[in-house]
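**Student:** with the sequence up front, the predicted model follows.
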Amino acid sequence: MARYKELLAEKQQLEKLIEEARQREAAVELDKIRKTVAEFGFTPEDIFGKRRKDAGRPVAPKYRNPETGETWSGRGRAPRWLKDKDLERFLIND
């Protein structure tokens, strides 16, 4: 049992050392990145790409369950009420 507790203590010490090393190395790398961005005048769009204007906006529903009124946009996993059914029956006609 004593060996187990010793190993746990060693593990905690190693995790602490790992986190300290990660923080030191990350700070060095972040400093390099900041210098490069400043030197070349990069913008966030240069680094991360342009964000779509419609990103994160809800999509209009395409299907409606006539019994409950639930809707589904047609994206992602289909709801259970559509499983093994003809989608045309549930299509919302605008």
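**Tutor:** Yep, it's here.
**Student:** so what's the backbone phi/psi at Lys83?
**Tutor:** With angles defined as degrees, to the nearest 10, Lys83 shows backbone torsions of phi -60, psi 130.
**Student:** okay, it and Asn65: tell me how far apart.
**Tutor:** Relative to Asn65, Lys83 is positioned 12 Å away (C-beta to C-beta, to the nearest Å). C-beta coordinates here come from the backbone N, C-alpha and C atoms, glycine included.
**Student:** Lys5 too?
**Tutor:** 58 Å.
**Student:** residues contacting Leu91?
**Tutor:** The contact partners of Leu91, by C-beta atoms under 8 Å, 6 or more residues apart in numbering, come to 62-63.
**Student:** go with 6 Å
**Tutor:** Leu91 is in contact with no residue at all, counting by C-beta atoms under 6 Å, 6 or more residues apart in numbering.
**Student:** check what pLDDT it gets.
**Tutor:** At Leu91, the pLDDT value in this model is 92.
**Student:** what bridges to it?
**Tutor:** With beta bridges defined as DSSP bridges, Leu91 has these partners: Tyr63.
**Student:** packing partners of the helix or strand bottoming out on mean pLDDT in the chain?
**Tutor:** The helix or strand with the lowest mean pLDDT-type score in the chain, counting by mean pLDDT, DSSP states H and E, is helix 44-48 (a mean of 90). For helix 44-48, the contact count by 3 or more C-beta pairs under 6 Å, 6 or more residues apart in numbering; DSSP states H and E identifies no helix or strand as a packing neighbour.
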